[in-house]
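> structure of the sequence below:
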Amino acid sequence: MLEQRIQQQFFDSADLQYAAAEILAKPIADAVNAVVGCITAGGKVLVCGNGGSAGNAQHFAAGFVGRFERERPGLAAIALTADTALLTAVGADHGFDAVFAKQVQALGTPGDVLLAISTGGHSADVLAAVDAAKAKDMTVIALTGRGGGKLREHLGETDVHICVPHERGARIQELHLLVLHCLCDAVDLQLLGEQDNT
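Model prediction:
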């Protein structure tokens, strides 16, 4: 019984990946183009999210600043989730809803990208960060599930919405990680060309 339940988790995750591949390919490609345009113009990617999405934000930034699968110069990305002193100071002085927005206001410049990760699209701190990014003339890439929630209402025509077609948080976050890997891989492809495997 336990082994069957474990196997079902794998099957459910695989089924979602197959179903979402065609749906998400275009918005992911749009996100890649936005990020490449930002980076080649000397901009940076700011990334935020809560809980598992915070972990995904830091994973993405590490793949940009360090490397993904290929050696290359580091790309400018900052996970707004990583500085506990800053997060707790802003949270104590301005409320938790401001922890990402204050950083976007301080670090963001026109032409930068905010990658906002929210499983359900309702996190007040992520919504505030999106609004701060829009005020800074930044492009927003929203990575959501469950229809996008309130976050989709905060996006403009030039923003990109990658919405996983599922309701369950675990499945959405698993696919978010795959999307982030696709972004890293495709950005490297655009900047470096095809990898020579000979």
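
> now do the strands in this protein.
For the chain, the strands defined by DSSP state E cover 45-48, 77-79, 113-117, 139-145, 160-164.

> quick one: list the elements packing against the third one.
The contact analysis (3 or more Cβ pairs under 8 Å, 6 or more residues apart in numbering; DSSP states H and E) places strand 113-117 against helix 2-40, strand 45-48, helix 52-65, helix 124-135, strand 139-145. C-beta coordinates here come from the backbone N, C-alpha and C atoms, glycine included.

> need the contact list for the residue lying closest to residue 108 once chain neighbours are set aside.
Take residue 108 and drop its neighbours on the chain: the residue closest to it by Cβ to Cβ, 6 or more residues apart in numbering is residue 136, 4.5 Å away. The neighbours of residue 136, taking Cβ atoms under 8 Å, 6 or more residues apart in numbering as the test, are 104, 105, 108, 109, 110, 112.

> likewise for residue 51?
Applying Cβ under 8 Å, 6+ apart to residue 51 gives no contacts.

> against residue 118, how distant is it?
Separation of residue 51 from residue 118 (Cβ to Cβ, to the nearest Å): 10 Å.

> quick one on the thing from earlier: got the strands of the chain as a markdown table, with mean neighbour count, mean pLDDT and distance to residue 60 columns?
Listed next are these as a markdown table, based on neighbours: other Cβ atoms under 10 Å; pLDDT from 0 to 100; distance: least, Cβ to Cβ, whole Å:
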| stretch | mean neighbour count | mean pLDDT | distance to residue 60 |
| --- | --- | --- | --- |
| strand 45-48 | 28 | 98 | 5 |
| strand 77-79 | 22 | 98 | 7 |
| strand 113-117 | 28 | 98 | 7 |
| strand 139-145 | 26 | 98 | 9 |
| strand 160-164 | 23 | 98 | 13 |
